[in-house]
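Enquirer: A structural model of the following input is requested.
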Amino acid sequence: MIKRNIIEKIKPFLQTDDILLFYGARQVGKTTIMRFLQKNEINHETYFFDLENPDYLNLLDQNPNIFIEYLKSYYNWQENKKITVFIDEIQYLQNPTNFLKYIHDNYGKIKLIVSWSSTLEIRWKLKDSLVWRIIKFEIFPLSFEEFLIFKNKENLSKNIWKPIKLQIINNEIKFFFEEYTKFWWYPKIVLENSIDIKKTYLKQIFDTYIQKDIKDIWKIKEIEKFNKTIKVLANQSWNLLNISEFANTIWTTIKTLNEWLFLLENTFVIQLISPFSTNIRWELTKMPKIFFIDNGIRNFINNNYEIEWNSLENSFFNHINNSYKFQKINFYRTQDKKEIDFIFDWKPYEIKKSYNWKSSTALNYFWEKYNQKGNIITLNKINNTKYNIFYPREI
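Expert: Next up, the predicted model:
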């Protein structure tokens, strides 16, 4: 098991009486993180319940006292003995709030660590009564640093954040960042070396998660239009999203399209970012940009794994969003169409597959208006430019 960066953030809460909830897309590594904690970070007895097992699901869906009796009879647990109980995919329970609240409030020696696969179900199934009892951790796809560790390139993962020796290792970093851009985040896919098998895994994830789970669980009726929506979104990622034109393209209502976008965003398929402005009302009313949370899934839908400018931009967004969780991520666009790809905490960044050292009109404009120097992110080795040049590394 490979240690994920988020483990260090979780560890302090292993000793508290809080319920820990890990949420994120399927296959992102929630179960593996729970198994890692169980094996490496907890020094008392632990029990693991996967609710995709119907026997465990039936057991926990009954009165919580029956679950307690099961722990006592099957594991010989005594109430004065500290234990940690892991429950994977707890959203399958009919009433997870009642179960968690009852165990937490009545059995102080039981530490609960649970996983969940949808922010929508969390909103609907977890009630306010758990607010002060639960700590949530969003589990993200692999950052580029973690990607390198999974590739047994921990030496690169340590050095890429440092300016020293950057020129020496740049070609190797570039090679791995290109793979990261093509197939990206799922740990299982990263660990596989065969390109054909990677693509097969992507198809399986797409078929089971997007095609089945999302459409079936949320009872999508207009299947053909929903499929077309996903296809158009994958083709239009990083572009401005005109909701009215989009709805006309797929022959549906604006209301239905907004519902589907909300669903896809809350099931970790896409993310919308708004334009940068000092006026928050203006931000909320202007057209957003769309990004796929997983670049590999986007490439699979488009059947195109070539590294183009838009896939590089999507990949950089993924890396920054997953690694640093800035309070705000925006893009910048003026009325006369000066554009900057990203604004992170007032710092502007342009993404270029290659860079010819020419001055950026948009970055110069932003510098003059807001007194913030620009940054250019490129895969190529560039010297002697007025901008800060970043290879795929920490900002």
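
Enquirer: where do the helices sit along the stretch 201-350 of the chain?
Expert: 215-217, 223-236, 243-249, 254-266, 280-285, 295-302, 309-324 (DSSP state H, counting those that start in this stretch).

Enquirer: tell me which of the ones you listed sits most buried.
Expert: Highest mean neighbour count of the helices of the stretch 201-350 of the chain: helix 295-302, a mean of 24 (counted as mean count of other CB atoms under 10 Å). Where C-beta positions appear, they are placed from N, C-alpha and C, glycine not excepted.

Enquirer: got the angle between that one and helix 309-324?
Expert: 150 degrees (axes from the mean of the first three to the mean of the last three CA atoms, to 10 degrees).

Enquirer: what packs against helix 295-302?
Expert: With contacts taken as 3 or more CB pairs under 8 Å, 6 or more residues apart in numbering; DSSP states H and E, helix 295-302 sits against helix 166-182, helix 195-205, helix 223-236, helix 309-324.

Enquirer: JSON lines for those, including mean pLDDT?
Expert: Output for those, formatted as JSON lines (pLDDT from 0 to 100):
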{"stretch": "helix 166-182", "mean pLDDT": "67"}
{"stretch": "helix 195-205", "mean pLDDT": "83"}
{"stretch": "helix 223-236", "mean pLDDT": "87"}
{"stretch": "helix 309-324", "mean pLDDT": "74"}
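
Enquirer: before we move on, the earlier item: looking at the helices of the stretch 201-350 of the chain, which is nearest to Ile273?
Expert: Taking CB to CB, helix 309-324 is the member of these nearest to Ile273, at 7.9 Å.

Enquirer: about what we covered before: out of the helices and strands packed on helix 295-302, nearest to Ser274?
Expert: Closest among the helices and strands packed on helix 295-302, using CB to CB: helix 309-324, at 13.6 Å.

Enquirer: which strands and helices sit next to the closest one?
Expert: Against helix 309-324 (3+ CB pairs under 8 Å, 6+ apart) you get helix 144-150, helix 166-182, strand 289-292, helix 295-302, strand 329-333, strand 339-344, strand 347-352.

Enquirer: now tabulate these in TSV and tack on distance to Thr252.
Expert: As requested, the helices and strands packed on helix 309-324 are exported to TSV (distance: least, CB to CB, whole Å):
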stretch	distance to Thr252
helix 144-150	37
helix 166-182	32
strand 289-292	17
helix 295-302	19
strand 329-333	26
strand 339-344	29
strand 347-352	32
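
Enquirer: nearest to Leu93, out of these?
Expert: Using CB to CB, the nearest of the helices and strands packed on helix 309-324 to Leu93 is helix 295-302, at 28.0 Å.

Enquirer: now do that closest one against helix 195-205: the angle between them, please.
Expert: On the basis of the same axes, to 10 degrees, helix 295-302 is oriented at 90 degrees to helix 195-205.

Enquirer: just want the angle from helix 295-302 to helix 223-236.
Expert: Here the directions of helix 295-302 and helix 223-236 differ by 120 degrees (the same axes, to 10 degrees).

Enquirer: ok, back up a step: export the helices and strands packed on helix 295-302 to a markdown table and tack on distance to Asn299?
Expert: Converted to a markdown table, the helices and strands packed on helix 295-302 look like this (distance: least, CB to CB, whole Å):
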| stretch | distance to Asn299 |
| --- | --- |
| helix 166-182 | 6 |
| helix 195-205 | 8 |
| helix 223-236 | 8 |
| helix 309-324 | 7 |
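
Enquirer: ok, which of these comes nearest Glu368?
Expert: That would be helix 309-324 among those, by CB to CB, at 24.2 Å.

Enquirer: export that closest one as CSV, just CAs?
Expert: Included here for helix 309-324 are C-alpha records, laid out as CSV according to Å, rounded to 0.1, in the frame of the first residue of the first chain:
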residue,chain,number,x,y,z
TRP,A,309,-3.4,22.5,-25.2
ASN,A,310,-6.8,22.0,-23.8
SER,A,311,-5.9,18.6,-22.3
LEU,A,312,-2.8,20.2,-20.7
GLU,A,313,-4.9,22.9,-19.2
ASN,A,314,-7.5,20.4,-17.9
SER,A,315,-4.6,18.3,-16.4
PHE,A,316,-3.0,21.3,-14.7
PHE,A,317,-6.4,22.3,-13.3
ASN,A,318,-6.7,18.8,-11.9
HIS,A,319,-3.3,18.8,-10.3
ILE,A,320,-3.8,22.2,-8.7
ASN,A,321,-7.3,21.5,-7.6
ASN,A,322,-6.4,18.2,-6.0
SER,A,323,-3.1,19.3,-4.4
TYR,A,324,-3.8,22.6,-2.9
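
Enquirer: nearest to Ile220, of the helices and strands packed on helix 309-324?
Expert: Short answer: helix 295-302, nearest of these by CB to CB, at 16.6 Å.
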